[in-house]
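Colleague: sequence unknown, structure follows:
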């Protein structure tokens, strides 16, 4: 069994089939930009949940940005929203 050749999408840097005309991950047209920009997006450092006294906090690079979250479910919701925002910002560039 022979596997198809693969390329890297220049926009989202995911693996795609070499003959693809659009990226199945980010949906961008691969034919319109044959001059691949090879501009590596900056590394996105995700937010994380940390202990904030008897409550929870959201930190970025070790610094607490949001203090006083009362329960873990609320902290997880905020964390998901912030990290999704980072992913969308990375795809827009």
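Modeller: Received it, and whenever you're ready, just let me know what you need. Treat the numbers as computed from the prediction; the structure is a model and nothing was measured.
Colleague: What ranges in the chain fall below the confidence cut-off?
Modeller: Within the chain, the stretches with pLDDT under 70 are 1-3, 32-45, 85-93.
Colleague: where exactly do the helices run in it?
Modeller: 72-92 (DSSP state H).
Colleague: domains of the protein?
Modeller: Using automatic domain parsing, the domain parsing of the chain gives 1-40, 48-92.
Colleague: want to try a markdown table for these, with mean neighbour count as columns?
Modeller: In short, each C-beta sits where N, CA and C put it, glycine included. Formatted as a markdown table, the domains of the chain follow (neighbours: other C-beta atoms under 10 Å):
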| stretch | mean neighbour count |
| --- | --- |
| domain 1-40 | 11 |
| domain 48-92 | 13 |
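Colleague: show me the contacts for residue 28.
Modeller: 9, 11, 12, 22 (C-beta atoms under 8 Å, 6 or more residues apart in numbering).
Colleague: how does it look with 10 Å?
Modeller: 9, 10, 11, 12, 22, 91 (C-beta atoms under 10 Å, 6 or more residues apart in numbering).
Colleague: pretty sure residue 76 is touching residue 49, no?
Modeller: Yes: if you go by C-beta atoms under 10 Å, residue 76 and residue 49 touch, sitting 7.0 Å apart.
Colleague: Please enumerate the shared neighbours of these two.
Modeller: 56, 69.
Colleague: now stretch 6-25, how far from the chain's geometric center?
Modeller: In terms of C-alpha atoms, centre = their mean, to the nearest Å, the centre of stretch 6-25 is set 16 Å apart from its chain centre.
Colleague: returning to that earlier point: max pairwise distance over the contacts of residue 28: which two?
Modeller: Using C-beta to C-beta, the contacts of residue 28 span at most 14.7 Å, a distance reached by 22 and 91.
Colleague: ok, the closest residue to residue 23 other than its chain neighbours - contacts?
Modeller: Of all residues not flanking residue 23 in the chain, residue 9 sits nearest, at 4.2 Å (C-beta to C-beta, 6 or more residues apart in numbering). By C-beta under 10 Å, 6+ apart, the residues touching residue 9 are 15, 16, 20, 22, 23, 24, 25, 26, 27, 28, 30, 36.
Colleague: Rebuild those as a markdown table, extending it with distance to residue 59.
Modeller: A markdown table is the format used below for those (distance: C-beta to C-beta, whole Å):
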| residue | distance to residue 59 |
| --- | --- |
| 15 | 32 |
| 16 | 35 |
| 20 | 39 |
| 22 | 38 |
| 23 | 33 |
| 24 | 34 |
| 25 | 29 |
| 26 | 29 |
| 27 | 32 |
| 28 | 33 |
| 30 | 38 |
| 36 | 36 |
